[in-house]
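>>> Quick one, fold the following:
(4 chains)
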2 protein chains.
Amino acid sequence: MSSRDKATILDIAREAGVSKSTVSLVLQGSDLIRPETAAKVRKAIAESGYVYNRGAANLRRAQSNVIGMVINDLTNPFYAEMAVGMERTFQSAGIVPFIANTAENPVRQDQVLKSMLEQGVSGLIVAPARGTSPDAFKRIELAGVPIVFAMRRLAESRIPVVAPDNHRGGLLAAQHLIAKGHRRLAFLGGNAGLSVYHERLGGFLEGCAVAGIPETSVLVIEGDTNRRGGMACLDTALAVAEPPTGALCFNDAVAFGTMLALRKHHLEPGADFAVVGFDDVAEAQHYVPALTSISVDTPGLGERAAHAVLKMIQTRTTRAEDHIGSVTLMVRESCGPNRIDLGERP
Amino acid sequence: MSSRDKATILDIAREAGVSKSTVSLVLQGSDLIRPETAAKVRKAIAESGYVYNRGAANLRRAQSNVIGMVINDLTNPFYAEMAVGMERTFQSAGIVPFIANTAENPVRQDQVLKSMLEQGVSGLIVAPARGTSPDAFKRIELAGVPIVFAMRRLAESRIPVVAPDNHRGGLLAAQHLIAKGHRRLAFLGGNAGLSVYHERLGGFLEGCAVAGIPETSVLVIEGDTNRRGGMACLDTALAVAEPPTGALCFNDAVAFGTMLALRKHHLEPGADFAVVGFDDVAEAQHYVPALTSISVDTPGLGERAAHAVLKMIQTRTTRAEDHIGSVTLMVRESCGPNRIDLGERP
DNA sequence: TCTCATAAATGGAACGTTCCAATTTTTCAA
DNA sequence: TTGAAAAATTGGAACGTTCCATTTATGAGA
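Purely as a prediction, here's the structure:
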């Protein structure tokens, strides 16, 4: 039945009455082959259930046309959206990227990177797992494989980064909350192990300082970067002597959690407490109340990162400029109506 | 600087003063090698930035230790959760699966499958894209690569399937709504191109029929399987002469959309209209109101599918039993408190 | 010390492709 | 028709690994 010993280029050659070289050329779409000959070969291929052995091919040539995407958390819609943006770009370049998930686990990440390297990827996009050790990417740099970081950067690394302008996002959020009349502010969720955390918090504090609110009076509460973390943070925030009236959350997931917890405390997000998210995931605009959030153009960043690797591969370099994407404040309902008239949409 | 011509097994051999065969044996963890010799080899490997060339290895042996997961929509949290369940299983088997997204696009799916095949995957889990043609998997079957379908089945295919008991889920939902006192029911979202649609709808209609509600009086409205689709379906549902008072939604995303649309019509989900979802994604329990949904044990199904391929690979077979996972009704708030009276809603 | 069994290490032939250099076929001007 | 240039095709040597059949080293018993 099913030919157990799969067909090779030689079988095709025999079948079509040509040499293996000819078959190889046809496979590569070379125009050195006469059209009729190519047709004969293609016919033989179609009839034989032949599958091209890319491993063998890569052995001979030195490139591999596979690109790896290593993502820290695929169940986080934010990263899933980013990954899809990357895929779109790769698709139009005619290449199929392989995705792997590290679940924020540096050990898993090591395994995954090793596997991708062994597989001979020609480029890599990595959203590093939390707590990645600084030399986790030494092997890859040594191997000279082009790599770009997405979203997160590593402390002392010269690997190019594609990320949103987190600092400015934090700043915009602070300005917005302050313009709404809030003076007692909080920054909820995230933890100091994340470069993104420092950037967002830094921008937020700067915005506060500029408006005359000293850093020390801003309530900063670390926590998990998911719904549960947001809920916990809010509980803590409301327990202090003079609780805040508004907060920037580390990301949208934390913001959703914060809003859920507010309801448990019989406070209505928007009316009694202002909540700003970060990332502007698709869900933000559908939520009730719709979440005011810092939009980072997620798929756009994905595309950008993909273009960067593609270019690095093409130009055979391992260096590239960082790209810091612009951010915008999406004003929705979770900070309530304007206290000072800024003419935003209802 | 970086040795442009990468090290091979022979370089390691020379460095360690042994033969290439010895290095190969060490790499495979063979116990034929004296520990001191193995140590020497390992030292040389560590010092040289050597990367194992799996492509070359696969050329010689016939298996490849890579497994492909082809997912129809990674941005759908449901499928992302399933994928993570699979990954967990593969991880504990020491293998790194490669994930690819098809974005519900059969053409893309073809490319992805071709690429995975060429890469020499030893097994495949596929959640088929909507509208997949029945012979899209002919190549794979011909190549004798073990494959299992997750969640969706294909009309005339003998490929094993791992999926929840959709029929029973539909039945449970109908019983629940009817027990709550609803008589005018609807099934919202999904479309006839999906096997899952027929199964869920079939179970729902059966549940209705058993309770004396004729199939013809159940309002069935097709629509997109996301939030927007749910919103549109509800609008249509409320526009009929005698609108329904409760509905089973094709999946949780549709249910969320339905609840959003209810609010726009000034109806409160749970109080004025009963909503049941399907899949029980993580968000269901956090939503306000918390969504009553049919839980399918998503990660569990993923694990099951992963085990199935693993076993097929091990036993070198291409056949396996279907697995239909049990489902449970998770009662939360979106159907409101029990109605004792069977009267119409005010 | 010698034998012999066993343990450890090795060389060479594959695996399926690409690419180069070489060969054969075709085309066309003289 | 002939010859030479151009076009089309081809054989063989890589690529980096594994595996088999051998060879070489080790150590126990005499």
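
>>> count of neighbours near whichever residue of the stretch 151-300 of chain A sits closest to DNA strand C?
As assessed by C-beta to the nearest atom of the strand, DNA strand C sits closest to A:Pro160 within the stretch 151-300 of chain A, at 28.1 Å. Every residue, glycine included, has its C-beta placed from N, CA and C. When neighbours are counted by other C-beta atoms under 10 Å in any protein chain shown, A:Pro160 registers 20.

>>> which residue packs closest to it, ignoring adjacent ones?
A:Ala320 (4.1 Å; C-beta to C-beta, 6 or more residues apart in numbering or on different chains).

>>> give me the number of residues near that neighbour?
If we define neighbours as other C-beta under 10 Å, then A:Ala320 has 19 of them.

>>> same deal with A:Leu25?
Count around A:Leu25 with other C-beta under 10 Å applied: 18.

>>> try A:Ala192
If you count neighbours by other C-beta under 10 Å, A:Ala192 ends up with 10.

>>> All the helices of the stretch 1-150 of chain A, in order from the start?
A:9-16, A:20-27, A:35-48, A:54-60, A:77-92, A:106-118, A:138-143 (DSSP state H, counting those that start in this stretch).

>>> Return the most buried member of these.
helix A:77-92 (a mean of 21; mean count of other C-beta atoms under 10 Å in any protein chain shown).

>>> average pLDDT for it?
In this model, helix A:77-92 has a mean pLDDT of 93.

>>> My understanding was that the residue nearest to A:Pro160 contacts A:Lys311; is that so?
Yes. Judged on C-beta atoms under 8 Å, A:Ala320 makes contact with A:Lys311 at a distance of 7.1 Å.

>>> Verify the contact between A:Val309 and A:Ile125 for me.
Yes. Counting by C-beta under 8 Å, A:Val309 touches A:Ile125, with 5.8 Å between them.

>>> The stretch 151-300 of chain A against DNA strand C: which residues are in contact?
Within the stretch 151-300 of chain A, no position is near DNA strand C by C-beta under 7 Å from any atom of the strand.

>>> okay, stretch A:181-199 in PDB with CA atoms only?
Extracted in PDB, the C-alpha atoms of stretch A:181-199 (Å, rounded to 0.1, in the frame of the first residue of the first chain):
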ATOM      1  CA  GLY A 181      -8.400  65.500  38.700                       C
ATOM      2  CA  HIS A 182      -6.900  62.600  40.500                       C
ATOM      3  CA  ARG A 183      -4.000  63.300  42.900                       C
ATOM      4  CA  ARG A 184      -3.700  60.100  44.800                       C
ATOM      5  CA  LEU A 185      -2.400  57.600  42.300                       C
ATOM      6  CA  ALA A 186      -1.200  54.000  42.200                       C
ATOM      7  CA  PHE A 187       0.700  51.800  39.900                       C
ATOM      8  CA  LEU A 188      -0.600  48.300  40.100                       C
ATOM      9  CA  GLY A 189       0.900  44.900  39.200                       C
ATOM     10  CA  GLY A 190       4.100  43.700  37.500                       C
ATOM     11  CA  ASN A 191       7.400  43.200  39.300                       C
ATOM     12  CA  ALA A 192      10.900  44.500  39.300                       C
ATOM     13  CA  GLY A 193      12.200  41.500  37.400                       C
ATOM     14  CA  LEU A 194      10.800  42.800  34.200                       C
ATOM     15  CA  SER A 195      12.500  45.600  32.200                       C
ATOM     16  CA  VAL A 196       9.100  46.600  31.000                       C
ATOM     17  CA  TYR A 197       8.000  47.200  34.500                       C
ATOM     18  CA  HIS A 198      10.800  49.800  35.200                       C
ATOM     19  CA  GLU A 199      10.000  51.600  31.900                       C
END
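
>>> For that stretch, list every residue counted as buried.
Judged by neighbour count (16 or more other C-beta atoms under 10 Å in any protein chain shown), stretch A:181-199 contains these buried residues: A:182, A:184-190, A:194-197, A:199.
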